[in-house]
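Enquirer: Need the 3D shape of this:
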Amino acid sequence: MSATRVKPESSELLTLAVVRRERISPHFTRVTLGGGDAERFRHMGFDQWFRLFIPVGEDSLSRLPAKLNLVAYARYLAIAKTSRPVLRNYTVRAYRADGPGGPELDVDFVLHGSAADGTAGPAASWAQDCGVGDTVAILDEGIGFHPPGETRQVLLVADESALPAAAGILASLPPGTTGRAVIEIPSGEDRQDILTPSGVEVDWVVREDAHAVPGRAALAAATALPVPRDGCAWVAGESALPVALRGYWVAGGMPKADIMFCGYWKSSH
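Expert: Here you go, the predicted structure:
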């Protein structure tokens, strides 16, 4: 993704507050952020992502760097664990400039494990327990997928961790775009309403084995399709999925320059 990334014109640490929290499906919780510095956020569309800082104490957000270069990251790591905010990367699922109280960002969190028994990660646990008014900080990092203006055909492949990014891309594509999106989800109830150009078909791939590594089912579905020869392709999710699918596409004759791929996380299995 670093080769195709488009950074925002300016990026600064923004403090936002929880406006709403909603369990939208068995494996997803949506947290809407707004207020605070939301007026200064610049929406770029597509797979726009940001660093999310979740406080662990009252002073957690007060010592954060304005940017996150190597020096600033070292300073972040030097903060005592008792006050160092949790840092994770997330995607803008949706943006509304005219929310009831001003601009709003929707952020979807995948729920694996349980916050009650400690098997969920810190970000997912926060998403399940946060309340209206709770504050976080974000640092915009821009977009990774930006098809050339003449692109009219796309193929998108994602597991559930990249579903918000895929949805953002689909909502940002020109109306005349054609193609397909293959999105793997843990259960049929996790299907979402996604805004897409009329010529783009969305294939929901439901993972049949609850213990299977996410991305394997999406890989099988995507490799059953013809290798795209026109347009561009994007794949993201558990690291094995983008690595394997990019190799399959390149071996099938697709130019590397037409493929954007990114591993969002790595399974321990």
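Enquirer: can you give me the strands in the protein?
Expert: Taking DSSP state E, the strands of the chain run over residues 13-25, 28-34, 49-54, 86-91, 94-99, 102-110, 135-142, 153-158, 178-185, 199-206, 232-238, 259-265.
Enquirer: So which of those strands is nearest residue 121?
Expert: For the strands of the chain, the distance to residue 121 is smallest for strand 86-91, at 8.0 Å, taking Cβ to Cβ. For glycine as for every other residue, the C-beta is placed from the backbone atoms N, C-alpha and C.
Enquirer: Show the average pLDDT along the closest one.
Expert: Averaging pLDDT along strand 86-91 yields 96.
Enquirer: what pLDDT does the residue nearest to residue 236 when sequence neighbours are not counted get?
Expert: Nearest non-adjacent residue to residue 236, counting by Cβ to Cβ, 6 or more residues apart in numbering: residue 162, 3.8 Å away. Looking at residue 162, its pLDDT reads 98.
Enquirer: Tell me which of the strands of the chain lies nearest to residue 218.
Expert: Comparing these by Cβ to Cβ, strand 178-185 comes nearest, at 3.7 Å.
Enquirer: buried stuff in the closest one?
Expert: Within strand 178-185, the residues that count as buried by 16 or more other Cβ atoms under 10 Å are 179-185.
Enquirer: quick one: which of those residues is nearest to residue 214?
Expert: Using Cβ to Cβ, the buried residues of strand 178-185 come closest to residue 214 at residue 184, 6.4 Å.
Enquirer: what's the straight distance from one end of stretch 240-260 to the other?
Expert: 15 Å (Cα to Cα, to the nearest Å).
Enquirer: And stretch 74-82, by the same measure?
Expert: End-to-end distance (Cα to Cα), stretch 74-82: 17 Å.
Enquirer: I'd like the average pLDDT over it.
Expert: If you average the pLDDT over stretch 74-82, you get 91.
Enquirer: starting at the chain centroid, how far to it?
Expert: Distance of stretch 74-82 from its chain centroid, counting by Cα atoms, centre = their mean, to the nearest Å, is 25 Å.
Enquirer: ok, residues contacting that stretch?
Expert: 56-57, 63-65, 68, 84, 87 (Cβ atoms under 8 Å, 6 or more residues apart in numbering).
Enquirer: can you pull the contacts of the nearest residue to residue 42 once chain neighbours are set aside?
Expert: Distances taken as Cβ to Cβ, 6+ apart place residue 8 nearest to residue 42, at 6.0 Å, with adjacent residues excluded. Going by Cβ under 8 Å, 6+ apart, residue 8 touches 42, 44, 140-142.
Enquirer: switch to 10 Å and redo it
Expert: Counting by Cβ atoms under 10 Å, 6 or more residues apart in numbering, residue 8 touches 41-44, 48, 50, 139-143.
Enquirer: By neighbour count, which of the residues you listed wins?
Expert: residue 48 (26 neighbours; other Cβ atoms under 10 Å).
Enquirer: Need phi/psi at that residue.
Expert: Dihedral pair for residue 48: phi -60, psi 130, per degrees, to the nearest 10.
Enquirer: Good, wrapping up.
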